[in-house]
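K.L.:
what follows is a predicted protein model with its sequence.
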Amino acid sequence: MTENRAFRRRPRPPRYDAVVIGAGHNGLVAANLLADEGWSVLVLEAQELPGGAVRSTDLLGPGYTTDLFSAFYPLGAASPVLGSLNLPGYGLQWAHAPLVMAHLLPDGRSAIMSRDLDETAASVDAFGAGDGAAWRDLVRRWDRIGDAVLAALFHPFPPVRSGLDLLRRLGPADAARFARFATLPVRRMGEEQFRGEGARLLLAGTALHSDMAADEPGSAVFGWLMTMVGQRYGFPVPRGGSGMLTEALVRRLRAKGGELRCGEPVEKVLVRGGRAHGVRTHGGDIVLARRAVLADVDVPTLYRDLVGERHLPGRFVEDLRRFMWDPSTLKLDWALSGPIPWKSAEVGRAGTVHLGADLDGLTDYTGALTTGRRPGNPFVVLGQMTTADPTRSPHGTEVVWAYTHLPRSLGRDEGVVQRQVRAVEDLLEHHAPGFRDLVVRKVVQSPSGLHDSDGNLVDGAINGGTTKLFQELIFRPVTGLGRPETPVRNLYLAGAGAHPGGGVHGGPGGNAARAALLHAGVRGSLRSAAVRLAVRSVYSGRDRGVLPPPVTPPPGD
């Protein structure tokens, strides 16, 4: 018996063309695209359920469907990546609220955005004569170049074909003006194009879905993109809960022959000779990857824990210490016995509601986040989910969530969290007297609670890292190529830390899958050599830059 055991061979580790770490929506998008090309794909997810930050549950009780994290998906509806997967064919249905969005001012007035352009124009015109026509002009300009902008956004950087298409449509003169526009703060953009607060606040409030301030260069582009997508596509939700989007991705993946294993956390990416060739799970199992490992994982965890700094160039490790998270998020969920009794009745028709601040208030709010203070007057993004999708709760009731941000230095302070919960509820009670009387059940998702529920939401960061200009494009996640390729050959970054960043649109996952496919085969070896050469040129050698590497991570990180 002993002799037989001595000669018994260990079973060979399973081998796939690609292993995807993480079954968030980006990981599932990447796996689907690879499976479409005939690759054998295994997705390994640490949690017991797939979806990452795209999950729904009956957290508030039977009959009430709550989105645990993300909820409204304007970029998902507009995304050419998700659109290419035909997810309605796998059960996804979009649902829309009567109004896309409302911004409620402190004085009780409200500006609204509707998929009906006439309705939006009439609302903003009431704040400033002529603003309705200016809004129509903004939409016309979007219609001229919007699909080229989306194509450029959702392709690996640099987006050569779509970029050239955009330049062709703009022409030299308008291209130069578009470049200036791309640097504008959203406050300045609003001042240049609109007379009244209504349109300015729709743009600025939407820009703050990122962590950029209204006075910060680059915020105009984000506000413009989100409002124009909202105008044309709405801010839809998956009918039946955000988890239905995940279910459609999983159903499609399995139909294409892909595999998914949940409750299988990855402990290490196996690197040999500078190349990723598989992973080791927390249970000690080895899974080999012939062609690629794709990681839908937060940036520091991937490089410091799963890969290890010894496999990375020194300058890359130094740059990684400059990586900046976005602020912590505090989310509240309520089951209500009836609709919110807004003083402004039209706000009750909106799926997404901004409240708590005018333009100066938005500046004060982001200033507090920047300087590490609790915002005394929080800016709140609120979702009326039953208004958007009547299947979310029993007839006559409402499921509502709201979120606001805290500085990362305060996100784990329970006293601060509770004070901010009261501030949010006081704000709601001010604009909707009797709100508290309608609450059947409440759940508070603190920054640490969000992190515990999804390890990628580190201390409540929901965008995979700051969206500020210094960490976008070729600076995302660190200064480099702005592409999903990493310093480790055959390892691709597929999560929100990669270009084009956070949000539910599948961009990072799609880019990672395209990059893996481009590097496969004979022609792919030439591309791989070119990328490796570029990576070496960026990260090799001694750092002789103008700034020394940081001794410690910057404050708040």
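P.N.:
Received, thanks.

K.L.:
all helices for the stretch 1-150 of the chain, in order.
P.N.:
Listed in chain order, the helices of the stretch 1-150 of the chain (DSSP state H, counting those that start in this stretch) span 2-7, 25-36, 74-78, 80-83, 117-125, 131-153.

K.L.:
so for G356, which of the ones you listed sits nearest?
P.N.:
helix 117-125 (19.1 Å; CB to CB). C-beta here means a position set from N, CA and C on the backbone, and glycine is covered the same way.

K.L.:
got a list of what the nearest residue to V139 once chain neighbours are set aside touches?
P.N.:
Spatial nearest neighbour of V139, chain neighbours left out: Q231 (5.7 Å); criterion: CB to CB, 6 or more residues apart in numbering. Neighbour list for Q231: 100, 113, 115, 117, 120, 139, 142 [criterion: CB atoms under 8 Å, 6 or more residues apart in numbering].

K.L.:
okay but the first one is in contact with A350, surely?
P.N.:
If I follow you right, that is V100. Yes. Here V100 reaches A350: they are 7.0 Å apart, a contact under CB atoms under 8 Å.

K.L.:
between the two, which contacts overlap?
P.N.:
Common neighbours of V100 and A350, using CB under 8 Å, 6+ apart, are I112.

K.L.:
let's have the contacts of Q231 in CSV, adding neighbour count.
P.N.:
Supplementary listing: the contacts of Q231 in CSV, determined by neighbours: other CB atoms under 10 Å:
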residue, neighbour count
V100, 29
M113, 27
R115, 18
L117, 16
T120, 27
V139, 18
W142, 18
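
K.L.:
now do the domain split for the chain, please.
P.N.:
With domains defined by automatic domain parsing, the chain comprises 15-54+254-324+480-539, 116-233.

K.L.:
check the offset of the longest one from the chain's centre.
P.N.:
From the chain centre to the centre of domain 15-54+254-324+480-539 is a distance of 17 Å (CA atoms, centre = their mean, to the nearest Å).

K.L.:
I'd guess R232 is in a helix, am I close?
P.N.:
Yes. R232: assigned to a helix according to DSSP: H, G, I helix; E, B strand; the rest coil.

K.L.:
quick one: residues contacting it.
P.N.:
Applying CB under 8 Å, 6+ apart, the residues near R232 are 78, 115, 139, 142-143, 146.

K.L.:
give me the low-pLDDT residue ranges for the stretch 151-300 of the chain?
P.N.:
Regions of the stretch 151-300 of the chain meeting the criterion pLDDT under 70 are absent.

K.L.:
how about the strands in it?
P.N.:
For the stretch 151-300 of the chain, strands defined by DSSP state E, counting those that start in this stretch occupy the ranges 237-238, 259-262, 266-272, 275-281, 286-295.

K.L.:
from the chain's centroid, how far away is the first one?
P.N.:
Just to be clear, that refers to strand 237-238. 15 Å.

K.L.:
which residues of the stretch 301-450 of the chain fall in helices?
P.N.:
So, for the stretch 301-450 of the chain - with DSSP H, counting those that start in this stretch - the helices run 314-320, 359-371, 385-388, 414-431, 447-453.

K.L.:
among those helices, which is the most enclosed?
P.N.:
helix 385-388 (a mean of 26; mean count of other CB atoms under 10 Å).

K.L.:
return that one as CSV; C-alpha atoms alone will do.
P.N.:
C-alpha atoms of helix 385-388 as CSV (Å, rounded to 0.1, in the frame of the first residue of the first chain):
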residue,chain,number,x,y,z
MET,A,385,-36.8,52.4,-6.7
THR,A,386,-40.5,51.5,-6.8
THR,A,387,-41.2,54.7,-8.8
ALA,A,388,-38.6,53.4,-11.3
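
K.L.:
for that helix, give me every contacting residue.
P.N.:
Here helix 385-388 makes contact (CB under 8 Å, 6+ apart) with 65-67, 71-72, 95-98, 235-237, 339, 348-351, 392-393, 397-401.
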